[in-house]
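[1] have a look; sequence and predicted model below, questions after that.
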Amino acid sequence: MDSGNHTHFILAGFTLSPVLKTLVCTALIIIYILSVIGNLLTIITTSVDQHLQAPMYFFLRSLATLDVFFISTTVPKLLSVLVGTDKAINLSGCLLQLHLYLSGGGTVFYNLGVLSIDRYLAICHPLQYNTIMTSELCWKIVPCIWILGFLEFIPAILLMSRLHWGSSNIIDHFFCDTSALLRLSCSDTYVIETIVFYVACFPILSTLVLTIFSYFFIISSILRIASSSGRKKTFSTCSSHFIAVIITYGCCIFIYIRPAGTMTLGVEKPVAVFNSIITPFLHPFIYSLRNQQVVTSLRRIIKLHN
């Protein structure tokens, strides 16, 4: 294929033995199904139960919807790559997948930041919480973070669509990630790499700062609770949220908040698996299924339909 004429690429995926490939495909299918079911249960339970109409559950519904969307941008195509049925992807499909992946990931960070602020207000300012965090405000916040998340990467994607491509059309990744795709271009990609770097930094670092400050005040407030059982209950809820935050931010900072070309794809791909597949799988179990109110409501719903 001549330079600059690529319309299709081939996703290399992972080099695995037939036995290991079967095990990985089976694990991916199970993880994907459990992730979709777990997040759908969160959406349904917090939507139909009148006891779960607090702002936190509104933001959890948004996060669960994002997680279903986010994991679906990579897993179906990865499965087709692993089984060898469809490793090809055209340029438009590749850029669309990249845009959906980056936008979904960026919106997840905004959602986690909002959840952190919500927990801060609920724990540190309980008397003013209902006055500040109204349903009207929630309905303004969520559409705004979705719109911002899905618009901010469009300039970089449009610039990528104008690139010329070299002699190789093999993307050494399991999806169209930025670094793997730009390695194939024979054009100057410095401007695009810079844009992606700073645009990715904004949702990650801005919400990380909000989260750190929120949890600093949350932990300080928990330590001032006189009852040991009260401290334990509050800390149990917040600790699970904090674990999810560490995992999500850690993976993305490791992948994106660094100079281009400083990490081999052999290291980046396993971290990308954790970020794009394992994290949305863990979210419903960390945020919802460890929440006693959600579990109780889920049991109530199941009993009503039996």
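    Yep, that arrived.
[2] from here on, contacts and neighbour counts on C-alpha atoms
    Noted.
[3] so where's the stretch 151-300 of the chain shaky on pLDDT?
    The stretch 151-300 of the chain contains residues with pLDDT under 70 at 226, 229-240, 258-267, 289-290.
[4] can you pull the buried residues of stretch 202-216?
    Within stretch 202-216, the residues scored as buried using 16 or more other CA atoms under 10 Å are 203-205, 207-208, 210-211, 214-215.
[5] how far is it from where the chain is centred?
    16 Å (CA atoms, centre = their mean, to the nearest Å).
[6] now stretch 162-174
    Using CA atoms, centre = their mean, the offset of stretch 162-174 from its chain centre is 25 Å.
[7] how long is that stretch end to end?
    End-to-end distance of stretch 162-174 (CA to CA, to the nearest Å): 23 Å.
[8] still on that earlier bit, using a markdown table, lay out the buried residues of stretch 202-216 together with secondary structure.
    Converted to a markdown table, the buried residues of stretch 202-216 look like this (DSSP: H, G, I helix; E, B strand; the rest coil):
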| residue | secondary structure |
| --- | --- |
| Pro203 | helix |
| Ile204 | helix |
| Leu205 | helix |
| Thr207 | helix |
| Leu208 | helix |
| Leu210 | helix |
| Thr211 | helix |
| Ser214 | helix |
| Tyr215 | helix |
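[9] excluding its backbone neighbours, what's nearest Asp177?
    Leu98 (6.0 Å; CA to CA, 6 or more residues apart in numbering).
[10] was I right about that neighbour contacting Ala180?
    No. Between Leu98 and Ala180 there is no contact under CA atoms under 8 Å: 10.9 Å.
[11] quick check: phi and psi at Ser185.
    Per-residue torsions, Ser185: phi -80, psi 140 (degrees, to the nearest 10).
[12] not counting its neighbours along the chain, what's nearest it?
    Leaving aside its sequence neighbours, Ser185 sits nearest to Trp165 (CA to CA, 6+ apart; 4.2 Å).
[13] show me which of the buried residues of stretch 202-216 is closest to Phe254.
    Sorting the buried residues of stretch 202-216 by distance to Phe254 puts Ile204 at the head of the list, at 11.3 Å, by CA to CA.
[14] what sits against the closest one?
    Neighbour list for Ile204: 106, 109, 249, 252-253 [criterion: CA atoms under 8 Å, 6 or more residues apart in numbering].
[15] how about 10 Å then?
    Going by CA atoms under 10 Å, 6 or more residues apart in numbering, Ile204 touches 105-110, 112-113, 198, 248-250, 252-253, 256-257.
[16] also Cys251?
    Neighbours of Cys251 in contact, by CA under 10 Å, 6+ apart: 257, 268, 271-276, 279.
[17] select only the buried ones of those in PyMOL?
    A single PyMOL command is used to select the members of the contacts of Cys251 judged buried by 16+ other CA under 10 Å:
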select buried, resi 257+268+271+272+274+275+276+279
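[18] tell me the one of the contacts of Cys251 nearest Pro55?
    Of the contacts of Cys251, the one sitting nearest to Pro55 (CA to CA) turns out to be Thr279, at 22.6 Å.
[19] may I have the helix or strand where the closest one lies exported as PDB, CA atoms only?
    Secondary-structure assignment from DSSP states H and E places Thr279 in helix 279-283. Backbone C-alpha positions of helix 279-283 (Å, rounded to 0.1, in the frame of the first residue of the first chain) are rendered in PDB as follows:
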ATOM      1  CA  THR A 279     -12.000  -0.700  35.700                       C
ATOM      2  CA  PRO A 280     -15.600  -0.500  34.200                       C
ATOM      3  CA  PHE A 281     -16.000  -4.100  35.400                       C
ATOM      4  CA  LEU A 282     -15.100  -3.200  39.000                       C
ATOM      5  CA  HIS A 283     -17.100   0.100  39.300                       C
END
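[20] packing partners for that helix?
    Judged by 3 or more CA pairs under 10 Å, 6 or more residues apart in numbering; DSSP states H and E, helix 279-283 is in contact with helix 18-48, helix 55-72, helix 228-256.
[21] nearest to Lys140, of these?
    Lys140 sits nearest to helix 55-72 of all the helices and strands packed on helix 279-283, at 11.6 Å, using CA to CA.
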